[in-house]
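# Have a look at this fold, sequence not included:
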């Protein structure tokens with residue numbers, strides 16, 4: 001009689017022995033100790049191979065500055081520091097008014113002629129020109145296909161498809177100046193100015209406010225009131241997701257930061273202490289906001305404590321600051337214009353988080369708007 005014995009040992013799993021028969025059968029499986037050894041060798045080989053094949057370098061964070069008089073972009077690599085280079089825009093002298101950027105694309109608004117330029121940073125050339133009906137001001141990119149351009153003299157904003165060149169304008173508020181994109185909506189900051197006035201100071205008609213636009217249908221869906229003084233000039237999304245609008249005021253009334261919740265679409269705070277005519281605002285993506293003013297210099301506001309950390313009385317002196325940005329490591333880049341009437345090159349002043357100055361970099365003539373992008377790394381051949 002044949003007796004079948006199944007081995008209890010894990011080493012002989014899958015093996016059957018016939019004691020009183022003429023033959024025996026063994027599986028072709030690799031015994032467990034050999035299998036474990038083979039697996040270990042494969043893993044070691046994989047680890048060794050991975051160590052000799054490094055991954056793709058991270059994107060290179062890059063500062064881009066618009067020089068309005070000489071019609072160029074200054075491009076300064078940050079992640080891999082190097083000298084600034086220039087891209088020629090071929091615009092009329094002094095005609096460029098604003099820039100926005102996303103990925104490797106920069107959109108430049110040009111007042112004369114009325115158009116926007118779509119610039120490739122990787123190719124370093126103007127790849128499209130789009131004619132506009134109204135004289136453009138500030139500009140913002142919603143995504144890699146859609147940009148919005150302000151027309152402050154006509155009280156309109158224009159949706160531009162930068163891939164096709166199609167445009168569609170919609171009425172905004174009084175003198176739209178700047179944009180923020182949050183929660184799938186475009187928030188337009190209306191300065192509320194009378195542009196035709198006889199004084200050099202801004203002629204403020206009243207408090208500024210926000211117009212809310214659905215970019216998919218290019219439809220105005222709401223408006224959000226703000227406290228005075230008016231003359232809204234800049235707006236940014238903070239690290240907490242709230243909107244921080246800079247209401248610059250006039251020659252006698254100091255400017256303020258107004259906080260707006262983009263979900264409830266209500267004003268939730270307003271803070272002064274930024275002196276006369278603050279001009280630009282930037283977020284570090286966390287809890288710090290930085291503000292520049294030609295009258296009192298560089299200042300700081302904390303969004304978590306809602307406190308003016310460095311206000312008008314302790315601002316760091318600057319020479320005609322036009323804009324500023326904050327990089328991923330917290331360095332603050334302030335753009336000083338240089339000479340716009342007389343051809344004097346501007347400069348980029350770099351400050352550490354504690355607002356001590358780290359270095360200075362030359363820019364073009366009448367340096368103005370600026371922004372940060374992350375460009376693909378240049379791989380070795």
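Received it, and whenever you're ready, just let me know what you need. Because the structure is predicted, anything quoted here is derived from the model rather than measured.

# so where do the helices sit in this structure?
32-51 (DSSP state H).

# In it, where is pLDDT below threshold?
1-55, 91-94, 378-381 (pLDDT under 70).

# Can you give me the domain boundaries for it?
4-43, 62-375 (automatic domain parsing).

# Endpoint to endpoint, the last one covers what distance?
Same thing as domain 62-375. End-to-end distance of domain 62-375 (Cα to Cα, to the nearest Å): 7 Å.

# could you dump the domains of the chain to TSV with mean neighbour count and distance to residue 56?
Using the backbone N, CA and C atoms, a C-beta is placed for each residue, glycine as well. Formatted as TSV, the domains of the chain follow (neighbours: other Cβ atoms under 10 Å; distance: least, Cβ to Cβ, whole Å):
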stretch	mean neighbour count	distance to residue 56
domain 4-43	11	24
domain 62-375	19	13
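
# Which neighbouring residues are in contact with the closest residue to residue 295 other than its chain neighbours, exactly?
Closest residue to residue 295 apart from its sequence neighbours, by Cβ to Cβ, 6 or more residues apart in numbering: residue 276 at 4.8 Å. Contact partners of residue 276, counting by Cβ atoms under 8 Å, 6 or more residues apart in numbering, are 249-252, 254-255, 293, 295-296.

# Please narrow those to those residing in strands.
Of those, the ones assigned to strands by DSSP state E are residue 293.

# got CSV for the contacts of residue 276, with distance to residue 284 too?
Converted to CSV, the contacts of residue 276 look like this (distance: Cβ to Cβ, whole Å):
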residue, distance to residue 284
249, 24
250, 29
251, 30
252, 31
254, 24
255, 20
293, 18
295, 23
296, 20
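
# Which of the contacts of residue 276 sits closest to residue 364?
For these, the minimum distance to residue 364 (Cβ to Cβ) is 22.5 Å, reached by residue 293.

# Verify the stated contact: the closest one with residue 273.
No. Taking contacts as Cβ atoms under 8 Å, residue 293 lies outside contact range of residue 273: 11.2 Å.

# which residues do these two both contact?
299, 312.

# Can you tell me the closest non-neighbouring residue to residue 320?
Closest to residue 320 by Cβ to Cβ, 6+ apart is residue 337, at 4.6 Å.

# show me the contacts for the closest residue to residue 109 other than its chain neighbours.
Distances taken as Cβ to Cβ, 6+ apart place residue 136 nearest to residue 109, at 3.8 Å, with adjacent residues excluded. Going by Cβ under 8 Å, 6+ apart, residue 136 touches 97-98, 109-111, 114-116, 149-151, 158.

# just to revisit the earlier point, so which of the contacts of residue 276 would you say is closest to residue 125?
Nearest member of the contacts of residue 276 to residue 125, counting by Cβ to Cβ, is residue 293, at 35.8 Å.

# What distance do you get for residue 323 to residue 279?
8 Å (Cβ to Cβ, to the nearest Å).

# ugh, wrong one, I meant residue 96
Counting by Cβ to Cβ, the gap between residue 96 and residue 279 amounts to 17 Å.

# now residue 77
On the measure of Cβ to Cβ, residue 77 and residue 279 end up 26 Å apart.

# Could you do residue 352 as well?
In terms of Cβ to Cβ, residue 352 sits 22 Å off from residue 279.

# Equivalent analysis for residue 331, please.
20 Å.

# swap in residue 375?
27 Å.

# How about residue 285?
Residue 285 is 21 Å from residue 279, by Cβ to Cβ.

# With residue 356 instead?
From residue 356 to residue 279 the distance is 22 Å (Cβ to Cβ).

# list the contacts for the residue lying closest to residue 183 once chain neighbours are set aside?
Nearest residue to residue 183 in three dimensions, chain neighbours excluded: residue 262, at 4.9 Å (Cβ to Cβ, 6+ apart). Applying Cβ under 8 Å, 6+ apart to residue 262 gives the contacts 182-183, 185, 187, 237, 241-243.

# before we move on, what about residue 344?
Contacts of residue 344 by Cβ under 8 Å, 6+ apart are 338, 365.

# List the beta-bridge partners for it.
residue 339 (DSSP bridges).

# how much space between residue 274 and residue 248?
Residue 274 is 9 Å from residue 248, by Cβ to Cβ.

# go on, residue 223?
Residue 223 is 20 Å from residue 248, by Cβ to Cβ.

# Over to residue 365?
Per Cβ to Cβ, residue 365 is found 25 Å from residue 248.

# same thing with residue 328?
Residue 328 is 28 Å from residue 248, by Cβ to Cβ.

# again, but for residue 205
Residue 205 is 14 Å from residue 248, by Cβ to Cβ.

# In contact with residue 87, which residues are there?
So residue 87 contacts 72-73, 75, 119, 121, 124-125 (Cβ under 8 Å, 6+ apart).

# and if we set it to 7 Å?
Each residue near residue 87 by Cβ atoms under 7 Å, 6 or more residues apart in numbering is listed here: 72-73, 75, 119, 124.

# ok, the residue nearest to residue 74 when sequence neighbours are not counted to residue 294 distance?
Excluding the flanking residues, the one nearest residue 74 by Cβ to Cβ, 6+ apart is residue 65, at 4.2 Å. According to Cβ to Cβ, residue 65 stands 17 Å off from residue 294.

# ditto for residue 315
11 Å.

# Likewise for residue 132?
29 Å.

# and if you look at residue 331?
22 Å.

# Next: residue 222.
In terms of Cβ to Cβ, residue 222 sits 33 Å off from residue 294.

# Residue 58 now?
On the measure of Cβ to Cβ, residue 58 and residue 294 end up 36 Å apart.

# again, but for residue 157
Counting by Cβ to Cβ - residue 157 and residue 294 are separated by 27 Å.

# now swap in residue 143 and tell me
Distance from residue 143 to residue 294, by Cβ to Cβ: 33 Å.

# what's across from residue 370 in the sheet?
residue 65.

# now do residue 211
residue 188, residue 223.

# Understood, closing this out.
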